[in-house]
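Engineer: When you get a sec, could you give me coordinates for this:
(one chain, ligands or ions: 2)
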Amino acid sequence: MKFGGTSVADLDCIRNVARHVKREVDAGHEVAVVVSAMAGTTNQLVAWCRAASALHDTREYDAVVAAGEQVTSGLLAIMLEGMGINARSWQGWQLPILTSNVHGSARILEINGAELIKRFKERNEVAVVCGFQGVHKETNRITTLGRGGSDTSAVAVAAAIHADRCDIYTDVDGVYTSDPRVVPRARRLDKIAFEEMLELASLGAKVLQVRSVELGMVHKVPIFVRSSFDRPEDVDPHRTPSGTLICDEEDIVEQQVVTGIAFSKDEAQISVRHVPDKPGIAAAIFGPLAEANINVDMIVQNVSADGATTDLTFTVPAADYQRSMEVLGKARKAIGYDHLDGSTDVAKVSVIGIGMRSHAGVAAEAFKALASRNINIRAITTSEIKFSVLIEAAYTELAVRTLHSLYDLDK
Ligand code: ASP
Ligand code: MG
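Structural biologist: Ligands and ions are numbered 1, 2, ... in the order given. Next up is the predicted model:
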């Protein structure tokens, strides 16, 4: 059972969480709990690090930001004990949760679940594990897993104790076909395949950290997204509650062609005009960007008409736009382009569904529907189970709603 920041925002919320845990224990389930920091706490800790020094040591950043989870795990253990449930808190270094040493965005390498299993079997003791944090094997320093990382802690702990399921209790009651704030007719999905959820999360849906979905897929841990705001006593622990199950695609009987529409406005478009159409140009453009650690996403290049020059357009995260322009400015001689232009007023809208593998023409329908709304497409990318279009940001909502109805996702 994993509880996010809004679910442990204050003592009343934590008491509510304790009642959810008690319900499951009383029903005879063996559970481990993973908690985030109280809502807003991690932001505050991050802000303090930045204010202390813009160029702080990431090892100390981790020492500071890991603190939020320590508080909530201890408080939840206290409350559980108060309700007559045996409980013990665990920090990342105590289990231990061993990670790589990339401070600020470490990856979990290994968790030994044996001690947790033993304690539950011997004395019904519920482990309350700090999400988000781990420890580096050699240096023994505390690490954190990147923002939103307690989802990943939860799935990793679930895998380590061979759990039947990893329940993510959060402030929404499941995964929706699109963002309900933009598409009021969005529906909650009963089930979604790991691959689809991976795309949804990577392409803008903010329900789960991407890495947690990857781990669930690799270790075959079904992930169940459900609401923590239901009254704990109203939930029947022996019945399937409402929420969304993220599982293997074989476990989904009625597979739709399209499962969801994601969008992201954190994109910027850059066009490199009149570059020589010859070998080595793409390398000259993307090499320096890679060195500057800038993630390039969509790339479009045309075959030149005259055999001499062409244009190359691509997208980067909006936050990296200025830096990208500077990097390319410096590399102008080496690349040999005429000029650069770009825009941060763009959005990427993506359509996701495993059914696309076996259905032709899914993207063509979208292009037609967008055209009928007069929405211009600047770039397109496709893969086996998704395609994305880059459009002017002002049209995002219209495009998302249009596609949502087009693929019969409206309720
Ligand atoms: N507390 C951490 C964060 O805010 C981890 C998490 O909540 O998942 O990013
Ligand atoms: Mg989260």
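Engineer: Please work out how many residues are found near the residue in the stretch 151-300 of the chain that ligand 2 sits nearest to.
Structural biologist: Residue of the stretch 151-300 of the chain nearest ligand 2, by Cβ to the ion: Asp151 (5.7 Å). C-beta here means a position set from N, CA and C on the backbone, and glycine is covered the same way. By the criterion of other Cβ atoms under 10 Å, Asp151 has 30 neighbours.
Engineer: Make sure I have this right: it is in a strand.
Structural biologist: No. According to DSSP: H, G, I helix; E, B strand; the rest coil, the state of Asp151 is helix, so it is not within a strand.
Engineer: so what's it closest to, chain neighbours aside?
Structural biologist: Closest residue in space to Asp151, ignoring its immediate chain neighbours: Ser212 at 3.8 Å, by Cβ to Cβ, 6 or more residues apart in numbering.
Engineer: Please apply the same query to Ile335.
Structural biologist: In space, Ile335 is closest to Ala284, 4.7 Å off (Cβ to Cβ, 6+ apart).
Engineer: Is that neighbour in a helix, a strand, or coil?
Structural biologist: Applying three-state DSSP: Ala284 is helix.
Engineer: Who are the contact partners of it?
Structural biologist: 331, 334-336 (Cβ atoms under 8 Å, 6 or more residues apart in numbering).
Engineer: rerun at 7 Å
Structural biologist: 331, 334-335 (Cβ atoms under 7 Å, 6 or more residues apart in numbering).
Engineer: now do Thr259
Structural biologist: 189, 192, 196, 352-353.
Engineer: State which one residue of the stretch 51-200 of the chain is found closest to ligand 2.
Structural biologist: Counting by Cβ to the ion, the stretch 51-200 of the chain gets nearest to ligand 2 through Gly148 (4.3 Å).
Engineer: before we move on, what SS does that residue have?
Structural biologist: Per three-state DSSP, Gly148 ends up coil.
Engineer: number of nearby residues for it?
Structural biologist: 21.
Engineer: circling back: make JSON lines out of the contacts of Thr259 and add secondary structure, pLDDT and neighbour count.
Structural biologist: Shown next, in JSON lines, are the contacts of Thr259 (DSSP: H, G, I helix; E, B strand; the rest coil; pLDDT from 0 to 100; neighbours: other Cβ atoms under 10 Å):
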{"residue": "Leu189", "secondary structure": "coil", "pLDDT": "96", "neighbour count": "23"}
{"residue": "Ile192", "secondary structure": "strand", "pLDDT": "97", "neighbour count": "28"}
{"residue": "Glu196", "secondary structure": "helix", "pLDDT": "97", "neighbour count": "27"}
{"residue": "Ile352", "secondary structure": "strand", "pLDDT": "97", "neighbour count": "28"}
{"residue": "Gly353", "secondary structure": "coil", "pLDDT": "96", "neighbour count": "25"}
